[in-house]
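> Attaching a predicted model along with its sequence, questions to come.
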Amino acid sequence: MNYIITEETLLLQKRAGIITESEYKEKLKEVDINLDDKEQSVVDDVKDEMSSILKTMDTELAKATQSTNEGLLTVASIAIALPAIMGLVAKFGKAAGAMVNKVLGKKPTDEDAYNQWMNKLSHIADELHHLYMAPLESIVKKFVKDPAKAKQVANGIFHVIVASFLIASGATAVKALQSKNLSLATLEGALSAIKGGEVKTFISDLFK
């Protein structure tokens, strides 16, 4: 008999010590996560803000690279483009955080309820990755010619976007996040950068 492996099953197996953390993450990639109605509502509600971020990124990065001979993105040009982009990222975070609190409720104090709440945020983050990581990378590739570096930069910016929405939702720590597509280490770095006002440094470091 073939059993359908769900995300919840894998999580239980990990907590029971049946599979390791690395095995859990590997198997999780094979599981399709279907959003419930509440999770989908949050994703739908922030589509306009996310689209604005992408459009503004394209415009601002194009303007910022005009001063370079080959239209390439540098640490100096990202510093020029960043204020406008981060303004929209903050707006996105505020909208997403407000929607999370409205639809899913504020961060619970009970541990089990908190884990379930974070699980829903994980689903939302993964869906945002599914919808927007490819277009984000396409924009960055216009100005960063090294494909590996472009992917790294786009991934870092995406983690900043997600971090902004997690902070606005009340999730100031991410250890309980079980995402298929996010690096918790990178997300922790993005959270620290936003809290410390060091996003420019965080993104500039991606070029090194």
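Yep, it's here.
> alpha carbons only for contacts and neighbour counts from here, please
OK.
> what about the closest residue to Ala173 other than its chain neighbours, neighbour count?
Excluding its sequence neighbours, the residue lying closest to Ala173 (C-alpha to C-alpha, 6 or more residues apart in numbering) is Glu188, at 7.7 Å. Neighbour count of Glu188, defined by other C-alpha atoms under 10 Å: 18.
> I'd like to know how far Ile203 sits from Thr59.
To Thr59, Ile203 is 18 Å away according to C-alpha to C-alpha, to the nearest Å.
> Let me see the contact set for Val43.
Applying C-alpha atoms under 8 Å, 6 or more residues apart in numbering to Val43 gives the contacts Ile124, Glu127, Leu128.
> Gln178 is in contact with Asp126, correct?
No - Asp126 is not in contact with Gln178 according to C-alpha atoms under 8 Å; the separation is 9.5 Å.
> For the residue lying closest to Thr65 once chain neighbours are set aside, give its distance to Ala150.
Distances taken as C-alpha to C-alpha, 6+ apart put Gly71 closest to Thr65, at 4.7 Å, once the chain neighbours are dropped. The spacing between Gly71 and Ala150, counted by C-alpha to C-alpha, is 14 Å.
> Looking at these two, which is more packed in?
In terms of neighbours (other C-alpha under 10 Å), Ala150 is the more surrounded of Gly71 and Ala150; the figures are 23 against 17.
> give me the element the residue nearest the centre of the chain is part of.
Geometric centre of the chain, nearest residue: Val162, 3.3 Å, by C-alpha atoms, centre = their mean. Element membership of Val162 [criterion: DSSP states H and E] is helix 147-169.
> CA atoms only: put that helix into PDB for me.
Extracted in PDB, the C-alpha atoms of helix 147-169 (Å, rounded to 0.1, in the frame of the first residue of the first chain):
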ATOM      1  CA  PRO A 147      24.200  33.700 -13.000                       C
ATOM      2  CA  ALA A 148      25.400  32.300  -9.700                       C
ATOM      3  CA  LYS A 149      25.900  35.800  -8.200                       C
ATOM      4  CA  ALA A 150      22.600  37.000  -9.600                       C
ATOM      5  CA  LYS A 151      20.800  34.100  -7.900                       C
ATOM      6  CA  GLN A 152      22.600  34.800  -4.600                       C
ATOM      7  CA  VAL A 153      21.700  38.500  -4.700                       C
ATOM      8  CA  ALA A 154      18.000  37.800  -5.700                       C
ATOM      9  CA  ASN A 155      17.800  35.200  -2.900                       C
ATOM     10  CA  GLY A 156      19.200  37.600  -0.400                       C
ATOM     11  CA  ILE A 157      16.700  40.300  -1.400                       C
ATOM     12  CA  PHE A 158      13.900  37.800  -1.200                       C
ATOM     13  CA  HIS A 159      14.900  36.900   2.400                       C
ATOM     14  CA  VAL A 160      14.800  40.600   3.300                       C
ATOM     15  CA  ILE A 161      11.300  40.800   1.900                       C
ATOM     16  CA  VAL A 162      10.100  37.700   3.900                       C
ATOM     17  CA  ALA A 163      11.900  39.000   7.000                       C
ATOM     18  CA  SER A 164      10.000  42.300   6.700                       C
ATOM     19  CA  PHE A 165       6.700  40.500   6.700                       C
ATOM     20  CA  LEU A 166       7.700  38.100   9.600                       C
ATOM     21  CA  ILE A 167       8.700  41.100  11.800                       C
ATOM     22  CA  ALA A 168       5.500  42.900  11.000                       C
ATOM     23  CA  SER A 169       3.500  39.800  11.800                       C
END
